[in-house]
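>>> Fold the following, please.
(chains A and B)
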Protein chains: 2
Amino acid sequence: MQIVSSNAAMQRLAKKWQRAGALIGLVPTMGFLHEGHLSLVREARKRAGKRGKVVVSIYVNPTQFAPTEDFSKYPRDLKRDLKLLRVEGVDTVFVPDDKEMYPDRRDVPARFSTYVTEEKLSQTMEGASRPAHFRGVTTVVAKLFNIVLPDVAVFGQKDFQQAAIIKRMVRDLNFPVRIIVAPTAREPDGLAMSSRNKYLEGDLRRQATVLWRAMRATKVAVKKIKLFSAAVLKRDVKKWIETEPDARLDYVEFFDPETLVPITEVSPGTHMALAVFVGKTRLIDNGRL
Amino acid sequence: MQIVSSNAAMQRLAKKWQRAGALIGLVPTMGFLHEGHLSLVREARKRAGKRGKVVVSIYVNPTQFAPTEDFSKYPRDLKRDLKLLRVEGVDTVFVPDDKEMYPDRRDVPARFSTYVTEEKLSQTMEGASRPAHFRGVTTVVAKLFNIVLPDVAVFGQKDFQQAAIIKRMVRDLNFPVRIIVAPTAREPDGLAMSSRNKYLEGDLRRQATVLWRAMRATKVAVKKIKLFSAAVLKRDVKKWIETEPDARLDYVEFFDPETLVPITEVSPGTHMALAVFVGKTRLIDNGRL
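Numbering: from 1, shown residues only, chains lettered A, B, ... in the order given. From the prediction side, this is the model:
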């Protein structure tokens, strides 16, 4: 397994693979890997084939964090990550640093000034709660696509809105990349796997399952009654969440899974997403009803 | 010479060339070709090599025109363009239509919503006179890069600021493309070649040489005096332009050719750019002093 940290070296390697006719599969991550990431890596291997190349990028991208968010304390453990990826038979781990990704030299011509922005799907939910977040995501993913030159890139369904926006970006800007969205990996008690779960100490870890419990309860209710007012369901979800002493609902939304347009009359097949603060940790989850 | 109008077909062709190890050279144009474009095509051939592939795209991109501008009357003559390109030995002409480039289907998920924006170099000169122009340019060029997958792309120096912004976009977003900027082609009397010169009827064609004359006079003055106040030079250029009855200065700027940062004390090596309305036609030109 090769570890590459320079953009130029990674791009050269990818071009060499292209000429050799090898399919390239990319899994972009922020590291601190868990079983969810590893399931994406396996999906990438399946798509690239045995003769293809699987690249995992590890980069905690500063431009998708607001100044008030957890960029500096976001968990990192490169040594452990590399060990896990070696076991998965990954070909190359791309680990750029900030100077490679956002050149900001002291000499005159520099400074990073080009961004990729998706202007519709990114307005609601995570985009409303975290302004500029998706601009950071689309920009860094465009960069990674241009550096790693993947034929296939795999994203997790846990970040449902992110995956929808990436798909839109690929369609609008014609990136020659196929986007695969792989299912959310969950702990045995239903909690969606996330690097941020590490923040959940003591009883907060138990309380965090309230996202899953609220989703399941909503699904049961919608299945029984078929057509449900979103406003009523939102009120019920808020109540569910607030049964836990340290949980606070940030948002819950019901929407069309393609357009992300909010839906007022919820029925089976509608998609649901929510964000909840558990203590100081912000968790998200989503699923089809 | 192959004429391709679908994004998917063009991308498939480019991928086939890539796998065969052929270098791809792209010249993006809005058609109505003149000698300036053809010099870019020759440069692309030189860079791609005899075994490489030269692609010329012809597309009048609506998103880089403001509603008040000349999008609908911009001159078009595809038949003549194809004849000229055949003579140059171009491999493929890519002629997409608006539906290919900006999908806007009636069914729900559609609508184009992703843009590439350069936020620094695009604030002055053409960017100040034509808001949203460069957003249209960077977006369509990113699309063309992803569809044609060029190793080299050739732009004209006549659109100096555009070339600087494209270079910045390529650096910031890591496009695997080398940008070449080729010299401005001129008519015998100094007028920079432009498809818009077609608009210049009667005496306006003669008056239009005032851009070239004003640049030459400025160059002579700066050469003689070495250090010149930009404010004084700007006043002089305005006077020069206004010696022609139908000419009106839009802007003249003196700046660093790398950063496009305006310069107040002009010396040999400073770059100069100007935009002038001649009748209703807006012309631009630039050069090193």
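>>> The worst-scoring helix or strand of chain A on mean pLDDT vs chain B: in contact?
Every helix and strand in chain A was compared by mean pLDDT, DSSP states H and E; the lowest is helix A:98-101, with a mean of 88. No. No part of helix A:98-101 sits near chain B under the criterion C-beta under 8 Å from any C-beta of the partner chain; the closest distance found is 8.7 Å. Heads up, the C-betas are built off the backbone N, CA and C, glycines and all.
>>> Using PDB, list the CA coordinates for that helix.
Only the C-alpha atoms of helix A:98-101 are listed here, as PDB (Å, rounded to 0.1, in the frame of the first residue of the first chain):
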ATOM      1  CA  ASP A  98      -3.400  22.000   3.900                       C
ATOM      2  CA  LYS A  99      -0.500  23.600   2.000                       C
ATOM      3  CA  GLU A 100      -1.000  21.200  -0.900                       C
ATOM      4  CA  MET A 101      -4.700  21.700  -1.000                       C
END
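>>> Which residues are in contact with A:Gly190?
A:Thr209, A:Trp212, A:Arg213, A:Arg216 (C-beta atoms under 8 Å, 6 or more residues apart in numbering or on different chains).
>>> Now go through the residues you listed and say which are in helices.
A:Trp212, A:Arg213, A:Arg216 (DSSP state H).
>>> Now do the buried residues in whichever strand or helix holds A:Lys46.
For A:Lys46, the host element (DSSP states H and E) is helix A:35-48. For helix A:35-48, burial by neighbour count (16 or more other C-beta atoms under 10 Å in any protein chain shown) applies to A:36-48.
>>> sorry, back to before: sort out which of the ones in helices among the contacts of A:Gly190 are buried, if you could.
A:Trp212, A:Arg213.
>>> With distance to chain B as extra columns, can I get the ones in helices among the contacts of A:Gly190 in TSV?
Converted to TSV, those look like this (distance: C-beta to the nearest C-beta, whole Å):
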residue	distance to chain B
A:Trp212	28
A:Arg213	31
A:Arg216	28
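>>> Tell me the one of the contacts of A:Gly190 nearest A:Phe134?
Nearest to A:Phe134 among the contacts of A:Gly190 is A:Trp212, at 24.8 Å by C-beta to C-beta.
>>> ok, that closest one touching A:Thr184?
No. A:Trp212 lies out of contact with A:Thr184 (C-beta atoms under 8 Å); the separation is 10.1 Å.
>>> got any residues that touch both of the two?
A:Ala192, A:Asp285.
>>> Low-confidence regions, chain A specifically.
A:104-110 (pLDDT under 70).
>>> For it, which segments are assigned as strands?
A:2-4, A:24-29, A:53-58, A:92-94, A:114-118, A:152-156, A:178-182, A:228-229, A:247-255, A:265-266, A:271-278, A:281-288 (DSSP state E).
>>> Residues touching the last one, excluding its own?
Contacts to strand A:281-288, defined as C-beta under 8 Å, 6+ apart, come from residues A:126, A:157-161, A:184, A:192, A:194, A:196-197, A:199-200, A:204, A:208, A:211-212, A:215, A:219, A:250, A:257, A:269-277.
>>> out of those, which are buried?
Burial by neighbour count, 16+ other C-beta under 10 Å: within the contacts of strand A:281-288 this picks out A:126, A:157-161, A:184, A:192, A:194, A:196-197, A:199-200, A:204, A:208, A:211-212, A:215, A:250, A:257, A:270-276.
>>> The strands of chain A: which one's closest to B:Ala9?
Comparing those by C-beta to C-beta, strand A:178-182 comes nearest, at 17.1 Å.
>>> Would you check the distance separating the closest one from the middle of the chain?
Here the centre of strand A:178-182 is set off from its chain's centre by 12 Å, with C-alpha atoms, centre = their mean, to the nearest Å.
>>> same thing with stretch A:31-44?
Here stretch A:31-44 is found 11 Å from its chain centre; the criterion is C-alpha atoms, centre = their mean.
>>> Also stretch A:167-184?
13 Å.
>>> just stretch A:159-175 next, same as before
12 Å.
>>> Buried residues, that stretch. List them.
A:159-175.
>>> ok, back up a step: and the least confident helix or strand of chain A, which residues are buried?
Using 16+ other C-beta under 10 Å as the test for burial, helix A:98-101 gives A:Glu100, A:Met101.
>>> How about stretch A:3-13?
Quick answer for stretch A:3-13 (16+ other C-beta under 10 Å): A:Val4, A:Asn7, A:Met10, A:Gln11, A:Leu13.
>>> Name the residues that touch stretch A:62-78?
By C-beta under 8 Å, 6+ apart, the list of residues contacting stretch A:62-78 from outside reads A:30-32, A:58, A:60, A:95, A:98, A:102, A:130-137, A:139-140, A:195-196, A:198-199.
>>> Pull up the gap between A:Asn7 and A:Met101, please.
Look at A:Asn7 and A:Met101: by C-beta to C-beta, to the nearest Å, they are 8 Å apart.
>>> What of A:Tyr115?
Counting by C-beta to C-beta, the gap from A:Tyr115 to A:Met101 is 13 Å.
>>> again, but for A:His34
23 Å.
>>> Please check the contacts of stretch A:62-78 and keep the buried ones.
A:30-32, A:58, A:60, A:95, A:102, A:130, A:132-137, A:139-140, A:195-196, A:199.
>>> Restricted to helices, list those residues.
Going by DSSP H, the helices hold A:His133, A:Phe134, A:Arg135, A:Gly136, A:Val137, A:Thr139, A:Val140 from these.
>>> Can you add distance to chain B and give the residues you listed back as CSV?
Below are these laid out as CSV (distance: C-beta to the nearest C-beta, whole Å):
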residue, distance to chain B
A:His133, 16
A:Phe134, 11
A:Arg135, 9
A:Gly136, 13
A:Val137, 12
A:Thr139, 7
A:Val140, 10
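>>> Tabulate those residues (TSV), appending distance to A:Arg235.
Output for these, formatted as TSV (distance: C-beta to C-beta, whole Å):
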residue	distance to A:Arg235
A:His133	27
A:Phe134	28
A:Arg135	32
A:Gly136	33
A:Val137	31
A:Thr139	37
A:Val140	37
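>>> Single out the residue in the stretch 151-289 of chain A that lies closest to chain B.
A:Asp172 (3.7 Å; C-beta to the nearest C-beta).
>>> pretty sure that residue contacts B:Met101?
No. At 9.7 Å, A:Asp172 and B:Met101 do not qualify as touching, with contact defined as C-beta under 8 Å.
>>> which neighbours do the two share?
Counting by C-beta under 8 Å, 6+ apart, the residues touching both A:Asp172 and B:Met101 are B:Lys143.
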